[in-house]
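# Structure for the following, please:
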Amino acid sequence: MKAEELANLLAEHSLFADCDEAELSDLILRGHFVQYKKGDELIMQGDPGNSLLILLSGNARTSMIASNGHEVVLDYAEPGQVLGEIALLDGGDRTASVTAIEPTSALSITRAAFEEILSTHKNMALRLLKVMASRIRMANNMIEGDRAYTSGPRLARYLLRLSVVGAEEGRLKLDLSQSELGNFAGMSREHINRQLSSWSESQIVAVESGKVRILDHAMLSHIAEADS
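Numbers count the residues shown, from 1 in each chain. Model (predicted):
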């Protein structure tokens, strides 16, 4: 893999999105490529955080086991996203698990290699801190919004997070079941079913064989911004 290929793959808000060619080349040189099958654990909650991963292909589910024993789905990772950087940076245990939901590949970078990269590229650390601060701000805004919105706007916001910009037929990034969608949005399957049925009647979404398609993106965006 070349630095240009990695740069094109990295997500807009990725930890390494602002890295230059030399820095990306060093990440590739000092990292190693790993392959995962569907169902494999890329990262396990509670394990030591001695490496980070840059997802190169496939999709993965990020989740954690809450104190009540229930699984909470935090996000769905796509190619270009960085995984496991929190534990690598603070030296603590993994805060969540990451599971491949299809065949997946990644670039793995150990803490030792990452420290060598930072020592070589002196300006990289400050830019990484700025990216992390921006992500914390975004996460706080998202948490506040989720608490403020009622179930309809809340589900609309999560569907929009899963939508593919410019995609034909309103398809989502992943074909999640209503139970999986409920875990992601923090809603019961019954509540999800009632809301989707209502939106289906209004032709805002379509539910076919358990898969959701967005028919009216503008209306769903309007619902997502509605007051609680």
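
# Poorly predicted segments of the protein, please.
12-13, 134-135, 137-151, 164-169, 226-228 (pLDDT under 70).

# Helices along that one, start to end?
According to DSSP state H, the chain carries its helices in the segments 3-9, 21-30, 85-90, 111-120, 124-148, 151-162, 178-185, 189-201, 217-224.

# what's the second one packed up against?
What that stands for is helix 21-30. For helix 21-30, the packing partners by 3 or more C-beta pairs under 8 Å, 6 or more residues apart in numbering; DSSP states H and E come out as helix 3-9, strand 104-110, helix 111-120. Backbone N, C-alpha and C define where each C-beta goes, glycine included.

# which residues are contacting the first one?
Same thing as helix 3-9. 19, 21-22, 24-25, 27-28, 54, 56, 79-80, 107 (C-beta atoms under 8 Å, 6 or more residues apart in numbering).

# Pipe the helices of the chain into CSV and attach distance to Pro48 and mean neighbour count per row.
Output for these, formatted as CSV (distance: least, C-beta to C-beta, whole Å; neighbours: other C-beta atoms under 10 Å):
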stretch, distance to Pro48, mean neighbour count
helix 3-9, 26, 15
helix 21-30, 19, 16
helix 85-90, 7, 18
helix 111-120, 10, 15
helix 124-148, 20, 12
helix 151-162, 30, 20
helix 178-185, 27, 20
helix 189-201, 35, 16
helix 217-224, 38, 16
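
# Once you drop chain neighbours, what's closest to Ala206?
Take Ala206 and drop its neighbours on the chain: the residue closest to it by C-beta to C-beta, 6 or more residues apart in numbering is Arg213, 4.6 Å away.

# which residues does Leu129 contact?
No residues are in contact with Leu129 under the rule C-beta under 8 Å, 6+ apart.

# Look up how far Asp18 lies from it.
Look at Leu129 and Asp18: by C-beta to C-beta, to the nearest Å, they are 12 Å apart.

# what touches both of these two?
Common neighbours of Leu129 and Asp18 are not found (criterion: C-beta under 8 Å, 6+ apart).

# before we move on, back to that, can you pick out the most distant pair from the contacts of helix 3-9?
Maximum pairwise distance among the contacts of helix 3-9 (C-beta to C-beta): 22.5 Å, between Ala22 and Pro79.

# Gln107: neighbouring residues, count only.
Just to correct that, residue 107 is Leu rather than Gln. 20 (other C-beta atoms under 10 Å).
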